[in-house]
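# Got a predicted structure here, sequence first:
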Amino acid sequence: MNPVILYRTEGPLAWISLNRPDKLNAINGAMVAGLHAALDKAEGDESVRVILLCGEGRAFSAGFDLDMGIAGAERDEASIQAVMRRELTKDFDIIMRFWDCPKPTIAATQVYCLGSALEMAVACDITVAATGCRFGEPEVRFGSGIVALLLPWFCGPKIAKELLLTGNDRVTAEQAAAWGLVNRVVPPERLLETARTLALEIAGNDQLAVRLTKQAINRGMDTAGMRKALMDALETDIEIESTETEESRRFNEIMKAEGTRAAIEWRKSRAG
(Lines give C-alpha, C1' and ligand atoms only; values in the text may rest on other atoms or scores of the structure.)
Protein backbone atom coordinates (compact mmCIF):
# COMPACT_ATOMS: atom_id res chain seq x y z
CA MET A 1 0.00 0.00 0.00
CA ASN A 2 1.35 3.41 -0.97
CA PRO A 3 1.88 5.95 1.82
CA VAL A 4 -0.70 8.71 1.88
CA ILE A 5 2.04 11.35 1.66
CA LEU A 6 4.89 11.00 -0.83
CA TYR A 7 8.21 12.77 -0.38
CA ARG A 8 11.13 13.16 -2.75
CA THR A 9 13.93 15.63 -3.34
CA GLU A 10 15.22 17.03 -6.61
CA GLY A 11 18.38 19.02 -6.04
CA PRO A 12 17.35 22.03 -3.93
CA LEU A 13 13.64 21.14 -4.16
CA ALA A 14 11.49 18.96 -1.90
CA TRP A 15 8.27 17.59 -3.44
CA ILE A 16 5.45 16.70 -1.03
CA SER A 17 2.52 14.92 -2.69
CA LEU A 18 -0.95 14.18 -1.33
CA ASN A 19 -1.44 10.52 -2.23
CA ARG A 20 -5.00 9.44 -1.68
CA PRO A 21 -6.22 9.72 -5.27
CA ASP A 22 -9.16 7.33 -4.87
CA LYS A 23 -10.63 9.86 -2.39
CA LEU A 24 -9.62 12.92 -4.45
CA ASN A 25 -6.85 13.43 -1.89
CA ALA A 26 -9.32 14.29 0.88
CA ILE A 27 -7.02 14.96 3.82
CA ASN A 28 -7.51 12.68 6.85
CA GLY A 29 -5.65 12.27 10.12
CA ALA A 30 -2.97 10.01 8.65
CA MET A 31 -2.26 12.58 5.95
CA VAL A 32 -1.98 15.39 8.50
CA ALA A 33 0.62 13.35 10.40
CA GLY A 34 2.41 12.56 7.13
CA LEU A 35 2.49 16.21 6.13
CA HIS A 36 4.07 17.16 9.46
CA ALA A 37 6.71 14.44 9.01
CA ALA A 38 7.46 15.56 5.44
CA LEU A 39 7.77 19.20 6.45
CA ASP A 40 10.05 18.23 9.35
CA LYS A 41 12.26 16.39 6.87
CA ALA A 42 12.35 19.22 4.34
CA GLU A 43 12.97 21.90 6.95
CA GLY A 44 15.78 19.86 8.51
CA ASP A 45 17.55 19.20 5.20
CA GLU A 46 20.04 22.02 4.54
CA SER A 47 20.17 21.15 0.84
CA VAL A 48 16.42 21.85 0.44
CA ARG A 49 15.70 25.48 -0.43
CA VAL A 50 12.08 25.35 -1.65
CA ILE A 51 9.14 23.03 -0.82
CA LEU A 52 6.46 22.15 -3.37
CA LEU A 53 3.02 20.73 -2.49
CA CYS A 54 0.97 18.86 -5.10
CA GLY A 55 -1.65 16.13 -5.41
CA GLU A 56 -1.35 12.71 -7.03
CA GLY A 57 -4.04 11.62 -9.48
CA ARG A 58 -6.64 13.86 -11.04
CA ALA A 59 -7.15 16.36 -8.20
CA PHE A 60 -5.14 18.46 -5.78
CA SER A 61 -7.59 17.90 -2.92
CA ALA A 62 -11.34 17.92 -2.32
CA GLY A 63 -10.73 19.21 1.21
CA PHE A 64 -10.30 17.77 4.68
CA ASP A 65 -12.04 14.46 5.34
CA LEU A 66 -15.41 15.01 7.02
CA ASP A 67 -14.79 12.07 9.38
CA MET A 68 -11.95 13.22 11.61
CA GLY A 69 -12.52 10.74 14.42
CA ILE A 70 -15.35 12.46 16.31
CA ALA A 71 -18.02 9.78 15.82
CA GLY A 72 -16.93 7.85 18.88
CA ALA A 73 -17.02 10.81 21.22
CA GLU A 74 -19.46 10.83 24.09
CA ARG A 75 -22.45 12.96 23.24
CA ASP A 76 -22.35 15.44 26.13
CA GLU A 77 -21.55 19.01 25.11
CA ALA A 78 -18.23 19.30 26.95
CA SER A 79 -16.72 16.15 25.44
CA ILE A 80 -17.93 17.04 21.93
CA GLN A 81 -16.34 20.48 22.19
CA ALA A 82 -13.09 18.97 23.52
CA VAL A 83 -12.88 16.55 20.59
CA MET A 84 -13.73 19.29 18.11
CA ARG A 85 -11.09 21.58 19.58
CA ARG A 86 -8.45 18.88 19.36
CA GLU A 87 -9.24 17.87 15.77
CA LEU A 88 -9.79 21.36 14.39
CA THR A 89 -6.60 22.61 16.03
CA LYS A 90 -4.72 19.80 14.27
CA ASP A 91 -6.20 20.92 10.96
CA PHE A 92 -5.37 24.57 11.68
CA ASP A 93 -1.79 23.75 12.66
CA ILE A 94 -0.99 21.81 9.47
CA ILE A 95 -2.45 24.57 7.29
CA MET A 96 -0.38 27.22 9.06
CA ARG A 97 2.81 25.16 8.91
CA PHE A 98 3.06 26.03 5.22
CA TRP A 99 2.66 29.72 6.08
CA ASP A 100 5.14 29.55 8.97
CA CYS A 101 7.65 27.28 7.20
CA PRO A 102 11.09 28.96 7.20
CA LYS A 103 11.55 27.86 3.57
CA PRO A 104 9.43 29.08 0.64
CA THR A 105 6.42 26.91 -0.17
CA ILE A 106 4.65 26.52 -3.53
CA ALA A 107 1.31 24.77 -4.14
CA ALA A 108 0.37 23.30 -7.54
CA THR A 109 -3.38 22.69 -7.83
CA GLN A 110 -5.53 20.91 -10.40
CA VAL A 111 -9.22 19.93 -10.89
CA TYR A 112 -10.34 20.41 -7.24
CA CYS A 113 -8.98 22.68 -4.51
CA LEU A 114 -11.81 22.89 -2.01
CA GLY A 115 -12.51 23.56 1.66
CA SER A 116 -9.49 23.50 3.92
CA ALA A 117 -7.36 22.35 0.97
CA LEU A 118 -7.93 25.84 -0.47
CA GLU A 119 -6.78 27.34 2.81
CA MET A 120 -3.66 25.17 2.68
CA ALA A 121 -2.93 26.26 -0.90
CA VAL A 122 -3.44 29.91 0.07
CA ALA A 123 -1.14 29.43 3.08
CA CYS A 124 1.65 28.48 0.70
CA ASP A 125 3.77 31.42 -0.44
CA ILE A 126 2.96 30.91 -4.12
CA THR A 127 0.04 29.06 -5.72
CA VAL A 128 -0.02 27.85 -9.32
CA ALA A 129 -3.31 26.52 -10.71
CA ALA A 130 -4.16 24.49 -13.78
CA THR A 131 -6.93 25.75 -16.04
CA GLY A 132 -10.15 23.93 -15.16
CA CYS A 133 -9.30 23.78 -11.44
CA ARG A 134 -12.32 24.51 -9.22
CA PHE A 135 -11.88 26.47 -6.01
CA GLY A 136 -14.26 27.14 -3.15
CA GLU A 137 -15.27 26.56 0.44
CA PRO A 138 -18.68 24.86 0.73
CA GLU A 139 -18.54 24.43 4.51
CA VAL A 140 -21.70 26.42 5.29
CA ARG A 141 -23.72 23.98 3.18
CA PHE A 142 -22.87 21.31 5.75
CA GLY A 143 -23.24 23.49 8.83
CA SER A 144 -19.47 23.73 9.23
CA GLY A 145 -17.10 26.65 9.74
CA ILE A 146 -13.75 27.70 8.31
CA VAL A 147 -10.67 26.22 9.98
CA ALA A 148 -8.16 28.90 8.97
CA LEU A 149 -9.98 32.06 7.90
CA LEU A 150 -7.27 33.28 5.53
CA LEU A 151 -9.43 34.43 2.63
CA PRO A 152 -10.36 37.92 3.95
CA TRP A 153 -6.64 38.70 4.22
CA PHE A 154 -5.96 37.75 0.60
CA CYS A 155 -9.06 38.65 -1.39
CA GLY A 156 -10.70 41.21 0.93
CA PRO A 157 -13.81 40.98 3.11
CA LYS A 158 -16.40 41.60 0.36
CA ILE A 159 -15.25 38.77 -1.89
CA ALA A 160 -14.54 36.51 1.10
CA LYS A 161 -18.09 37.01 2.38
CA GLU A 162 -19.60 36.23 -1.01
CA LEU A 163 -17.53 33.07 -1.40
CA LEU A 164 -17.86 31.78 2.16
CA LEU A 165 -21.49 32.72 2.88
CA THR A 166 -22.78 31.21 -0.38
CA GLY A 167 -20.61 28.09 -0.03
CA ASN A 168 -19.56 28.54 -3.67
CA ASP A 169 -17.34 25.66 -4.78
CA ARG A 170 -17.22 26.47 -8.50
CA VAL A 171 -14.79 29.37 -8.57
CA THR A 172 -12.61 29.12 -11.67
CA ALA A 173 -8.83 29.28 -11.59
CA GLU A 174 -8.99 32.53 -13.53
CA GLN A 175 -11.39 34.06 -11.00
CA ALA A 176 -9.24 32.85 -8.12
CA ALA A 177 -6.25 34.55 -9.74
CA ALA A 178 -8.22 37.79 -10.20
CA TRP A 179 -9.15 37.66 -6.52
CA GLY A 180 -5.52 37.23 -5.42
CA LEU A 181 -5.80 33.60 -4.27
CA VAL A 182 -3.65 32.23 -7.11
CA ASN A 183 -0.44 33.59 -8.65
CA ARG A 184 -0.54 31.93 -12.07
CA VAL A 185 -2.95 29.90 -14.18
CA VAL A 186 -1.41 27.52 -16.72
CA PRO A 187 -2.54 24.59 -18.90
CA PRO A 188 -2.67 21.31 -16.94
CA GLU A 189 0.27 19.84 -18.82
CA ARG A 190 2.44 22.78 -17.69
CA LEU A 191 1.35 22.85 -14.04
CA LEU A 192 4.20 21.00 -12.37
CA GLU A 193 6.85 22.38 -14.71
CA THR A 194 5.71 25.95 -14.00
CA ALA A 195 5.80 25.32 -10.24
CA ARG A 196 9.23 23.71 -10.65
CA THR A 197 10.58 26.65 -12.67
CA LEU A 198 9.41 29.13 -10.03
CA ALA A 199 10.93 26.99 -7.28
CA LEU A 200 14.30 26.78 -9.04
CA GLU A 201 14.29 30.54 -9.61
CA ILE A 202 13.76 31.08 -5.87
CA ALA A 203 16.32 28.38 -4.99
CA GLY A 204 18.96 30.20 -7.05
CA ASN A 205 18.73 33.30 -4.87
CA ASP A 206 20.54 34.06 -1.62
CA GLN A 207 19.00 31.69 0.95
CA LEU A 208 19.29 34.05 3.91
CA ALA A 209 17.76 36.94 1.98
CA VAL A 210 14.86 34.75 0.82
CA ARG A 211 14.18 33.42 4.31
CA LEU A 212 14.29 36.81 6.03
CA THR A 213 12.19 38.46 3.32
CA LYS A 214 9.47 35.83 3.77
CA GLN A 215 9.62 36.34 7.53
CA ALA A 216 9.32 40.12 7.12
CA ILE A 217 6.23 39.80 4.91
CA ASN A 218 4.58 37.36 7.33
CA ARG A 219 5.51 39.51 10.32
CA GLY A 220 3.83 42.48 8.64
CA MET A 221 0.62 40.47 8.26
CA ASP A 222 0.78 39.49 11.93
CA THR A 223 1.38 43.11 12.92
CA ALA A 224 -1.81 43.96 11.04
CA GLY A 225 -3.60 41.42 13.25
CA MET A 226 -3.85 38.36 11.04
CA ARG A 227 -2.67 35.77 13.57
CA LYS A 228 -5.02 36.96 16.31
CA ALA A 229 -7.91 37.12 13.84
CA LEU A 230 -7.20 33.55 12.72
CA MET A 231 -7.15 32.29 16.30
CA ASP A 232 -10.42 34.09 17.05
CA ALA A 233 -11.95 32.56 13.92
CA LEU A 234 -10.77 29.10 14.97
CA GLU A 235 -12.70 29.53 18.23
CA THR A 236 -15.76 30.44 16.16
CA ASP A 237 -15.31 27.31 14.06
CA ILE A 238 -15.11 25.18 17.22
CA GLU A 239 -18.38 26.75 18.40
CA ILE A 240 -20.07 26.08 15.05
CA GLU A 241 -18.92 22.47 14.89
CA SER A 242 -19.81 21.64 18.49
CA THR A 243 -23.24 23.34 18.63
CA GLU A 244 -26.24 21.24 17.65
CA THR A 245 -29.42 23.01 16.54
CA GLU A 246 -32.75 21.63 15.39
CA GLU A 247 -31.75 22.41 11.81
CA SER A 248 -28.32 20.78 12.03
CA ARG A 249 -29.79 17.69 13.75
CA ARG A 250 -32.37 17.18 11.01
CA PHE A 251 -29.79 17.88 8.27
CA ASN A 252 -27.47 15.20 9.66
CA GLU A 253 -30.34 12.72 9.95
CA ILE A 254 -31.28 13.21 6.29
CA MET A 255 -27.66 13.09 5.17
CA LYS A 256 -27.14 9.80 7.00
CA ALA A 257 -30.34 8.23 5.65
CA GLU A 258 -30.55 9.68 2.14
CA GLY A 259 -27.19 11.23 1.32
CA THR A 260 -25.64 14.68 1.11
CA ARG A 261 -27.59 15.87 -1.93
CA ALA A 262 -30.94 15.13 -0.27
CA ALA A 263 -29.89 16.94 2.89
CA ILE A 264 -28.82 20.04 0.96
CA GLU A 265 -32.08 20.06 -1.01
CA TRP A 266 -34.03 19.79 2.26
CA ARG A 267 -32.24 22.86 3.61
CA LYS A 268 -32.87 24.81 0.41
CA SER A 269 -36.58 23.96 0.58
CA ARG A 270 -36.79 25.45 4.07
CA ALA A 271 -35.49 28.74 2.72
CA GLY A 272 -38.36 28.91 0.25
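Now that the structure is in, tell me what you want to look at. Numbering: from 1, shown residues only.

# Does the helix or strand hosting Ser79 pack against any helices or strands, and if so which?
Here Ser79, judged by DSSP states H and E, is contained in helix 77-100. Applying 3 or more CB pairs under 8 Å, 6 or more residues apart in numbering; DSSP states H and E, we find helix 77-100 packed against helix 29-44, strand 105-109, helix 116-123, helix 226-242. For the C-beta atoms, the positions are set from N, CA and C on the backbone; glycine is no exception.

# Residues in contact with the last one: which ones?
Contact with helix 226-242 is made by 77, 80-81, 84-85, 88-89, 92, 96, 143-150, 152-153, 221, as judged by CB atoms under 8 Å, 6 or more residues apart in numbering.

# where's Thr245 relative to Asn252, distance?
11 Å (CB to CB, to the nearest Å).

# Now do the strands in this protein.
5-10, 13-18, 50-55, 105-109, 112-114, 126-130, 134-136, 171-172, 184-186 (DSSP state E).

# Need the mean per-residue confidence for the fourth one.
Looking back up the chat, that one is strand 105-109. Across strand 105-109, pLDDT averages out at 99.

# strands paired with that strand, and their directions?
strand 50-55 (parallel), strand 126-130 (parallel) (DSSP bridges).

# Make JSON lines from the ones you listed and add distance to Lys158 to it.
Shown next, in JSON lines, are the strands paired with strand 105-109 (distance: least, CB to CB, whole Å):
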{"stretch": "strand 50-55", "distance to Lys158": "28"}
{"stretch": "strand 126-130", "distance to Lys158": "21"}
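
# Of all these, which one is nearest Met120?
Among these, strand 50-55 comes nearest to Met120, with 7.4 Å by CB to CB.

# which parts of stretch 214-230 are buried?
214, 218, 221, 226-227, 229-230 (16 or more other CB atoms under 10 Å).

# Stretch 10-21 now?
12-20.

# Tell me the one of those residues nearest Gly55?
Leu18 (4.4 Å).

# List the beta-bridge partners for that closest one.
Beta-bridge partners, per DSSP bridges, of Leu18: Ile5, Gly55.

# which residue packs closest to Asn183, ignoring adjacent ones?
Once flanking residues are discounted, Asn183 sits nearest to Ile126: 5.1 Å by CB to CB, 6 or more residues apart in numbering.

# any idea how far that neighbour is from Val50?
9 Å.

# what's the answer for Ala271, then?
46 Å.

# neighbour-wise, which of these two wins?
Taking other CB atoms under 10 Å, Ala271 and Val50 do not tie; Val50 has more neighbours (28 against 5).

# Check the contact between Thr105 and Phe98; I expect there is one.
Yes - between Thr105 and Phe98 a contact is recorded at 4.7 Å, counting by CB atoms under 8 Å.

# Need the residues touching each of these two.
With CB under 8 Å, 6+ apart, Thr105 and Phe98 have common neighbours 51, 53, 123-125.

# Output the below-cut-off pLDDT ranges for the stretch 151-272 of the chain.
Residues of the stretch 151-272 of the chain that meet the criterion pLDDT under 70 lie in 272.

# residue ranges of the helices in it, please?
With DSSP state H, counting those that start in this stretch as the criterion, the stretch 151-272 of the chain has helices at 151-155, 157-166, 173-178, 191-203, 207-223, 226-242, 246-258, 260-270.

# re the thing from before, looking at Thr105 and Phe98, which is more packed in?
Using other CB under 10 Å, the more surrounded residue of Thr105 and Phe98 is Thr105, with 27 against 22.

# Setting aside sequence neighbours, what's the nearest residue to that one?
According to CB to CB, 6+ apart, the nearest residue to Thr105 is Cys124 (4.2 Å).

# what's the neighbour count on that neighbour?
Cys124: 22 neighbours (other CB under 10 Å).

# Now do the contacts for it.
With CB under 8 Å, 6+ apart, Cys124 has these contacts: 53, 98-99, 105-107.

# For those, give me JSON lines that also has distance to Lys161.
As requested, the contacts of Cys124 are exported to JSON lines (distance: CB to CB, whole Å):
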{"residue": "Leu53", "distance to Lys161": "27"}
{"residue": "Phe98", "distance to Lys161": "24"}
{"residue": "Trp99", "distance to Lys161": "22"}
{"residue": "Thr105", "distance to Lys161": "27"}
{"residue": "Ile106", "distance to Lys161": "28"}
{"residue": "Ala107", "distance to Lys161": "24"}
